[in-house]
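[1] Okay, predicted coordinates and the sequence, questions at the end:
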Amino acid sequence: MRQEEGVWHRLDVVARSISPFFVTLLLVLLTLVPLHISDLSPIVPALALIGVFFWSVHRPDLMPIWAVFLIGLVQDVLTGGAIGPGIVGLLVAHALVVWQHRFFLAASFAVIWCAFMLVAAAALAVTWLLTSIAMMTYLDPGPVFFQYLVTLAFYPCLAWAFLRGQRLFQR
Amino acid sequence: MNKPTGSEIRVASPLKAWASRFALLLLVGAAFGLMLIGRTNSFIVEETRTAVTDMVTPILDAVSQPVETFSSALDQAESLANLRSENLALKEQNARLLQWQAVARRLEAENAALRSLNRMVPDPTMTFITARVVGDPGGAFVRTVLINAGERNGVEKGQAAVTAQGLAGRIAEVGKRSARVLLLTDINSRVPVVVGKARDRAVLAGDNTNAPELLYLGPTAKVQLGDHVTTSGHGGVFPPGLPIGVVEGIGEKGIRVRPFVDWSHMEVVRIVDYEMTGVLDFEAQVGAARAAAAAGKSQ
């Protein structure tokens, strides 16, 4: 009986520690669902970027770099464009957050949001540049910019949901 | 809410810091490696992509259905609001279409008579595979959709995907139970077309905007605003005469075409199985005849 409890407890711990990874994968799938809203498709927010950034800031131990790589890989494979640029974009976001980890420790929500503006700009710019190189054409940066704005607007909603979820889990 | 986590202490150790930097370089390098593989060996990439898409399609299929129901409920509520005006407009349109139907019937009969008079080779018959759009990656770089039909439903690479309004794109990748449709507007899309009544040949090239561009028009071609653009059938993959759109703008940005397809309401597409069926049927018939003859001889 006691051992069983131990197993359940361990399962619980494992489930909690991998949930950021799976939630972010779920976000990748979510961006794929056709919403049938006029003209939304080209500027659908980069939800995976929000997930990777959020957990790199709040629980970097649960968002290791290999998980970021895998999320980027799945995203690029499913999107149907070049494979690689999206991965590098997410890795850049993750690396920037890890690099300035001390800064985020005491930061308020608004400050983190502002930091997200910079990190997302860097990540999406890198993705755009590499996609242009991979496709060997000059891609119009306009849609990327709108996608950036929509992603920024989505950040507080998702972050709020994540925070609530995290509190619920941590108790 | 930030509890100091283990990672902080871990990163503090110089060895770990070095290791994490190394991991970053390694993974970025791997990503660049994947980019290179994607450019040089598209076969592996395509295989991986269709395998992953196959895995994900059932999930997307399940998720996209309630979304679709919700959005069509919204549409219905909207149409309920302007029922009267819509009814009037539809009656008018119906009267006009009935006239067109009569004209089409007459032309069809005349066409059939003339074809038989000229002993024209009949066009291969078209069969359709209907599939639901379950995924729309969106984003700034590609214009593709995922559908829930694949190899096992008879979908093949290169086939045309049409909606009720006209051509939407072509099949770019096929998995077992899913396929990816490259839309007309994608930067990689090229479709041979004919323009207007003069039937000038051109190529419709997407560039990720909503209005693809007409390329390689002959110097004598006179294209006007409102000219209809249809598939030419050159290349033998697409059936000729599928409606695509109308010429919307002629200017510095080139000749732009507005496709008929309503991209935001594309819930179901039909995949046109055109080229192979006729040929295959013929081969099957010949094969069967030969087999029968051989059987007859051996008896």
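    Structure's in. What do you need? Note that this is a predicted model, so its numbers are computed, not measured.
[2] what does the stretch 51-200 of chain B have sitting close to chain A?
    Residues of the stretch 51-200 of chain B found near chain A (Cβ under 8 Å from any Cβ of the partner chain) are B:52-53, B:56, B:59-60, B:63-64, B:67-68, B:71, B:133-146, B:172-173, B:180, B:187-188. Where you see a C-beta, it was placed from the backbone N, CA and C, and this is true even at glycine.
[3] secondary structure element for residue A:86?
    According to DSSP states H and E, residue A:86 maps onto helix A:85-99.
[4] Could you tell me how far that helix lies from the centre of the chain?
    Relative to its parent chain, helix A:85-99 has a centroid offset of 10 Å by Cα atoms, centre = their mean, to the nearest Å.
[5] which other helices and strands contact it?
    Contacts defined by 3 or more Cβ pairs under 8 Å, 6 or more residues apart in numbering or on different chains; DSSP states H and E place helix A:85-99 against helix A:47-58, helix A:65-79, helix A:109-135, helix B:14-40.
[6] for that helix, which positions count as buried?
    A:85-98 (16 or more other Cβ atoms under 10 Å in any protein chain shown).
[7] Kindly reformat those as CSV containing pLDDT.
    Shown next, in CSV, are these (pLDDT from 0 to 100):
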residue, pLDDT
A:85, 93
A:86, 93
A:87, 94
A:88, 95
A:89, 95
A:90, 95
A:91, 95
A:92, 95
A:93, 95
A:94, 94
A:95, 93
A:96, 93
A:97, 93
A:98, 90
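[8] Specify which member of these is nearest to residue A:137.
    Closest approach to residue A:137 among the buried residues of helix A:85-99 (Cβ to Cβ): residue A:85, at 13.3 Å.
[9] Just confirm that closest one contacts residue A:125, I think it does.
    No - using Cβ atoms under 8 Å, residue A:85 is not in contact with residue A:125; the gap is 10.9 Å.
[10] The closest residue to residue B:165 other than its chain neighbours: neighbour count?
    Excluding the flanking residues, the one nearest residue B:165 by Cβ to Cβ, 6 or more residues apart in numbering or on different chains is residue B:260, at 4.0 Å. Residue B:260: 18 surrounding residues under other Cβ atoms under 10 Å in any protein chain shown.
[11] thinking residue B:260 is in contact with residue B:248, fair?
    No - the criterion here is Cβ under 8 Å, and residue B:260 misses it with residue B:248 at 11.4 Å.
[12] And the average pLDDT for the helix or strand harbouring residue A:16 is what?
    Using DSSP H and E, residue A:16 sits within helix A:2-32. The pLDDT scores in helix A:2-32 average 81.
[13] what helices or strands is it leaning on?
    Here helix A:2-32 touches helix A:47-58, helix A:65-79, helix A:141-170, helix B:42-81, going by 3+ Cβ pairs under 8 Å, 6+ apart.
[14] got the angle for it vs helix B:42-81?
    70 degrees (axes from the mean of the first three to the mean of the last three Cα atoms, to 10 degrees).
[15] Can you list the buried residues in helix A:2-32?
    Neighbour counts over helix A:2-32 (16+ other Cβ under 10 Å) mark A:19-21, A:23-25, A:27-29, A:31-32 as buried.
[16] Take these and write them to TSV, including distance to residue B:209.
    Output for these, formatted as TSV (distance: Cβ to Cβ, whole Å):
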residue	distance to residue B:209
A:19	39
A:20	36
A:21	36
A:23	34
A:24	30
A:25	31
A:27	27
A:28	25
A:29	27
A:31	21
A:32	22
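[17] Residue A:78: what's it in contact with?
    A:28-29, A:32, B:49, B:52-53, B:56, B:135, B:137 (Cβ atoms under 8 Å, 6 or more residues apart in numbering or on different chains).
[18] give me that answer again for 7 Å
    By Cβ atoms under 7 Å, 6 or more residues apart in numbering or on different chains, the residues touching residue A:78 are A:28, A:32, B:52-53, B:56, B:137.
[19] For residue A:34, give its distance to chain B.
    According to Cβ to the nearest Cβ, to the nearest Å, residue A:34 stands 4 Å off from chain B.
[20] In contact with the residue lying closest to that residue once chain neighbours are set aside: list those residues for me.
    The shortest distance from residue A:34 to any non-neighbouring residue, by Cβ to Cβ, 6+ apart, is to residue B:136 (3.9 Å). Contacts for residue B:136 (Cβ under 7 Å, 6+ apart) come out as A:32, A:34, A:41, B:145.
[21] at 6 Å what do you get?
    Contacts for residue B:136 (Cβ atoms under 6 Å, 6 or more residues apart in numbering or on different chains) come out as A:34, A:41, B:145.
[22] Restricted to strands, list those residues.
    Judged by DSSP state E, the contacts of residue B:136 include residue B:145 as members of strands.
[23] State which one residue of the stretch 151-299 of chain B is found closest to chain A.
    Sorted by distance to chain A under Cβ to the nearest Cβ, the residues of the stretch 151-299 of chain B start with residue B:264, at 4.3 Å.
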